[in-house]
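Trainee: I need the structure of the sequence given here:
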Amino acid sequence: MAWIFLILAATCETAWTFCLKFMKFSDLKTVGFTTFYKWPGGLPIVLPFVGYVLFGLANIYLFSTAIKQIPTAMAFAVWTATTLIFLKVSEVLFFHQRISWTEAFFMLLIMVGILGLKIYAAPAR
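Mentor: Got it, this is the predicted structure:
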């Protein structure tokens, strides 16, 4: 179950990162923080911020739950690598960015490393 929490934490970290990318504080500065809800474009300003907070909290909860059962160093390595892969796959699928063969090769190496950590890890005491 801890591995599922770790994958979900990586998914939340990916969503958190994209919320951070879409936040536009310059629009909030132009409109004013107290009146953004009255402005017709207020929802695009506040929605990424709300997602940022919610996905960040979910990420912290899921990751902290996972590291109670998985060694911390291994959990952090898997979480970071999985987040990196999720980010790249999301960019390719949703933002139509290109991926080179070398990027695909090195991402494959990361996945092999994750599987190696999962399969050949020393048993917990």
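
Trainee: any idea how far V92 is from R98?
Mentor: Using Cβ to Cβ, to the nearest Å, R98 is found at 8 Å from V92. No exception for glycine: its C-beta is placed from N, CA and C like everyone else's.

Trainee: Same drill for those two, tell me which one is more crowded.
Mentor: Each of R98 and V92 has its neighbours counted (other Cβ atoms under 10 Å); V92 has more, 14 against 7.

Trainee: any idea of the pLDDT on the closest residue to the more buried one other than its chain neighbours?
Mentor: Leaving aside its chain neighbours, V92 sits nearest to I99 (5.3 Å; criterion: Cβ to Cβ, 6 or more residues apart in numbering). Per-residue pLDDT puts I99 at 90.

Trainee: ok, now F63?
Mentor: Value for F63, per-residue pLDDT: 97.

Trainee: what's the following helix or strand after the helix or strand of the chain with the lowest mean pLDDT?
Mentor: The helix or strand of the chain with the lowest confidence, counting by mean pLDDT, DSSP states H and E, is helix 25-31 at a mean of 63. Sequence order places helix 42-66 as the next helix or strand after helix 25-31, per DSSP states H and E.
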